[in-house]
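A.B. asks: fold the following for me, if possible:
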Amino acid sequence: MTTATNVLLSTPSPDHLRPFEVRRDLSRVADLVELCFADSLDPDGQNYLRQMRSAARNPVYLHWASAAAERVPMPLSGYVWEEDKRLVGNLTLIPFNVHGRRYYLIANVAVHPEFRRMGIARKLTRQAIVHARQHGANAAWLHVREENFGALSLYQSLGFKEKARRTTWHAYGTSSSHNASHLEAQEARPVKMAIGSRRPKHWPTQQRWLNQLYPSELTWHLTLKIKALQPGLMGFFYRALTDTWVRQWSTWQSGRLMGVIAWQSTTSYADSVWLATDPIYEDLVAGTLLRHVRQRVSPRRPLALDYPSGRAIQAIQSAGFHVHQTLIWMSIDTEKVKS
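C.D. replies: So this is what the prediction gives:
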């Protein structure tokens, strides 16, 4: 057990710190989050704030949310920090389950600029870890932007360990005119790959690759639903029931599957693409599959690709994708945190 963990469990909750109350705090938390993250809010983040403010005015939602906070994977619980009845700090807790084990995601850690460097974020995070342990969670997770060195240092000092880095890539419009010289170089390679619609026989390998590239502990919150990608009646009925629309393509060489890509429509700012390849081939096939998707879906909506950071960078860039953000995923094992 670390020194930070010992301090964590011996420190009483101060009067300034109290549990988040959805009826009382939701609108004020939206204001604080907007203030603290104004320079990094993308269209999905702005829509999230609009939904928070709309929910704060909906008595039916507020009644339901007050009762459902610890039961559903939604941002309905957490802790706030007050100074003279002014809400100046927030931390959101989102419960989720993976393979029958309970976890919490720590999110929306925000402190008003006038009250930073006073240890508020540290105390909020400490309390979140205690909450997770007391509610039977095996671990607490969080993610932080790669460039946010201050937050990264804070979480490391509390005992969080880095588990993964994920980069979100965005592409806009069509790929027809992007990086023509690079495309010519690609076509000059002595590698001939066939590309066509994903075949049912490709599904077992695609599913295995997806499980490796998109581990459930990190991606439960994404729009990726493995069942929506499976072939046959089961996949058809799942897509119909969830109103999910997908298109999928495979690439192969001499009968050997080298990669599969799925496009999925969403209600978010960007539609999603899910790339599944063997690591041996990803630098070779990632750009080809991503360009293929961009040429065959509507250019009116952006595309978003979530992928392990540092992998297939040049191939992804060659298809016209640009880095949106890189997140460091961290966790702390609450079972090792002793009273």
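A.B. asks: A304 should be in a strand, yeah?
C.D. replies: Yes - assigned with DSSP: H, G, I helix; E, B strand; the rest coil, A304 falls within a strand.
A.B. asks: in contact with the nearest residue to it once chain neighbours are set aside, which residues are there?
C.D. replies: What sits nearest to A304 in space, not counting adjacent residues and going by C-beta to C-beta, 6 or more residues apart in numbering, is A270, at 3.9 Å. Placement of C-beta: from N, CA and C, glycine included. By C-beta atoms under 8 Å, 6 or more residues apart in numbering, the contact list for A270 reads 170, 301-304.
A.B. asks: give me the pLDDT for A270.
C.D. replies: In this prediction, A270 carries a pLDDT score of 93.
A.B. asks: same question, N179
C.D. replies: The model's pLDDT for N179 equals 48.
A.B. asks: cool, E184 as well?
C.D. replies: pLDDT for E184: 41.
A.B. asks: could you work out the most separated pair of the contacts of A270?
C.D. replies: Between any two of these, the greatest separation by C-beta to C-beta is 10.9 Å, found for H170 and R301.
A.B. asks: lowest-confidence entry in the contacts of A270?
C.D. replies: Within the set of the contacts of A270, pLDDT is lowest for R301 (92).
A.B. asks: isn't R122 up against F160?
C.D. replies: No - in this structure, R122 is not within contact of F160 by C-beta atoms under 8 Å, at 12.0 Å.
A.B. asks: can you tell me the closest non-neighbouring residue to W81?
C.D. replies: G89 (3.1 Å).
A.B. asks: should've said R247
C.D. replies: According to C-beta to C-beta, 6+ apart, the nearest residue to R247 is W263 (4.8 Å).
A.B. asks: let me know the secondary structure of the one you found.
C.D. replies: For W263, the assignment made with three-state DSSP gives strand.
A.B. asks: got the contact list for Y281?
C.D. replies: 258-259 are the contacts of Y281 under C-beta under 8 Å, 6+ apart.
A.B. asks: for I313, phi and psi?
C.D. replies: phi -60, psi -50 (degrees, to the nearest 10).
A.B. asks: helix or strand for the residue nearest to A312 when sequence neighbours are not counted, which one?
C.D. replies: Distance criterion C-beta to C-beta, 6+ apart; nearest residue to A312, sequence neighbours excluded, is A286 at 4.2 Å. Using DSSP states H and E, A286 falls within helix 282-296.
A.B. asks: for that helix, name the packing helices and strands.
C.D. replies: Secondary-structure packing of helix 282-296 (3 or more C-beta pairs under 8 Å, 6 or more residues apart in numbering; DSSP states H and E): helix 180-188, strand 194-197, strand 246-253, strand 256-264, strand 271-277, strand 303-308, helix 313-318.
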